[in-house]
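J.: what's the 3D shape of this:
(one chain, ligands or ions: 1)
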Amino acid sequence: MDNIVAEPLVVMPVERKNDTYALRIALNQGEFTPGMMKTVMEVMSKFNLTSLRVTSGQRLNLEGIAKDKLDEVVAAIGTSVKKAPPTVNVCTGVGLCKYGVQDSRGMGKKLLEIVLQNGPYPFKIKSGVSGCKISCGFSNVRDIGLVGTPKGWDVLFGGGAARNVRSGVKIGTKLSEDEALSLIVKALDFYKENGRKRERISGMIDRLGEEALLEALK
Ligand code: SF4
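T.: Residues are numbered from 1 along each chain as shown. Model (predicted):
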């Protein structure tokens, strides 16, 4: 560990029970580098913190920080933000996984770019990209889901795994990367025009019907 340079981290404080906070560590596609690890280990050791928890969004939560220590811990770990930057759940993909048929990590990066460029939206957007139909990137239950097939990308829209559980509507199949991304921009435009404030895409589709979405995307 001596030759590893500690990297500062971007964190979002999250209020917990009993006057404690968690710090949500912003990661890109779940990558936790040795430099980040060193910073976290040093902070955990210095402040006697014992819980580092992986989130479903491929981030990390450093738990159990007393309210009166929060500023000190934040200063030691890096920079604090009010809202963690959005991420895309991505699976390991073709680069590492023997089942992968499409580049989920590369596609995840491009998808995140278009999601960021085309906002704001009525409510949050969670996305998932999987390199094959096994769908480890939670593509079926994300607002935007991409599933790699040997012939291109399947695109799902409006999935959800929270209060309104549903599988996304399949809006495209066997598409090239560019075709899939263009279709997603069109679907996001539909959401911007028709979604109500704080209504997830799944709720909008339940209210308007799948046909209205599919008709608009023809
Ligand atoms: S979705 Fe497919 S390619 Fe991605 S990690 Fe799972 S099995 Fe591998």
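
J.: how about the closest residue to residue 59 other than its chain neighbours, secondary structure?
T.: In space, and not counting its chain neighbours, residue 59 is closest to residue 27: 5.2 Å by CB to CB, 6 or more residues apart in numbering. C-beta coordinates here come from the backbone N, C-alpha and C atoms, glycine included. Here residue 27 is coil, with the state taken from DSSP: H, G, I helix; E, B strand; the rest coil.

J.: anything in stretch 48-68 near the ligand?
T.: No: applying CB under 6 Å from any ligand atom, one finds stretch 48-68 out of contact with the ligand, separated by at least 12.6 Å.

J.: and the end-to-end length of that stretch?
T.: Criterion CA to CA, to the nearest Å; first-to-last residue distance in stretch 48-68 is 14 Å.

J.: which positions in the chain make contact with the ligand?
T.: Counting by CB under 6 Å from any ligand atom, the chain sits next to the ligand at 91-93, 97, 99-100, 104, 130-132, 134-136.

J.: of the residues you listed, which count as buried by neighbour count?
T.: 91-93, 97, 100, 104, 130-132, 135-136 (16 or more other CB atoms under 10 Å).

J.: what about the residues of the chain next to the ligand, which are in strands?
T.: Residues of the residues of the chain next to the ligand located in strands (DSSP state E): residue 130.

J.: from the residues of the chain next to the ligand, which land in helices?
T.: Among the residues of the chain next to the ligand, the members falling in helices (DSSP state H) are residue 104.
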